[in-house]
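> quick one, structure for this:
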Amino acid sequence: MRVFPLSDKNNMLVSLLDSNELALREHDFFELIYVLDGAGVWVINDKLYTYQKGSMFLLTKEDMCQFDGKQVSSFL
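This next block holds a predicted model:
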C-alpha cells in the first residue's frame, strides 16, 4: 500500500490509496476523514462501517482502525 500526499496546505492532507487494504493502526491524535472518492469498509474498534463518496469519520486518540477498500479511494 502506498499513500500519495496530494496537498499539505493548512495542515490538511489529501491522500490517494492505491491499494485496497491498510494494516491495523493507531495514532496519538484526532483524525477527521472525509471520503472524496471510492468505496469500502473502515474497521474501527472491531466494528465495520461502510463508506462511499461523502462519508465522514472522526477518530479519537484511542481508536484502532483498518481500511478495506472496494475501490481506489481518496480521503481528506
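
> wait, doesn't Tyr34 sit right on Phe75?
Yes. Between Tyr34 and Phe75 there is a contact at 6.6 Å, judged by Cβ atoms under 8 Å. For every residue, glycine as well, the C-beta is placed using N, CA and C.

> name the residue in the two with the higher neighbour count.
Phe75 (22 against 15; other Cβ atoms under 10 Å).

> in terms of pLDDT, where does the more buried one sit?
Looking at Phe75, its pLDDT reads 77.

> repeat for Asp46
Confidence at Asp46, expressed as pLDDT, is 90.

> neighbours around it, how many?
Neighbour tally, Asp46, other Cβ under 10 Å: 8.

> ok, it - contacts?
Asp46 makes contact with Met64 under the criterion Cβ atoms under 8 Å, 6 or more residues apart in numbering.

> what do you get if the cut-off is 10 Å, keeping everything else the same?
Contact analysis of Asp46 by Cβ atoms under 10 Å, 6 or more residues apart in numbering lists Leu24, Met64, Gln66.

> any idea how far Lys53 is from the first one?
It stands for Leu24. 24 Å (Cβ to Cβ, to the nearest Å).

> so those two - more neighbours on which side?
A direct count of neighbours by other Cβ under 10 Å for Leu24 and Lys53 places Lys53 higher, at 13 against 10.

> quick one: residues contacting that one.
Residues near Lys53 by Cβ under 10 Å, 6+ apart: Tyr34, Val35, Leu36, Asp37, Gly38, Ala39, Gln71, Ser73, Ser74.

> tell me the pLDDT of it.
In this model, Lys53 carries a pLDDT of 92.

> swap in Ala23?
pLDDT for Ala23: 65.
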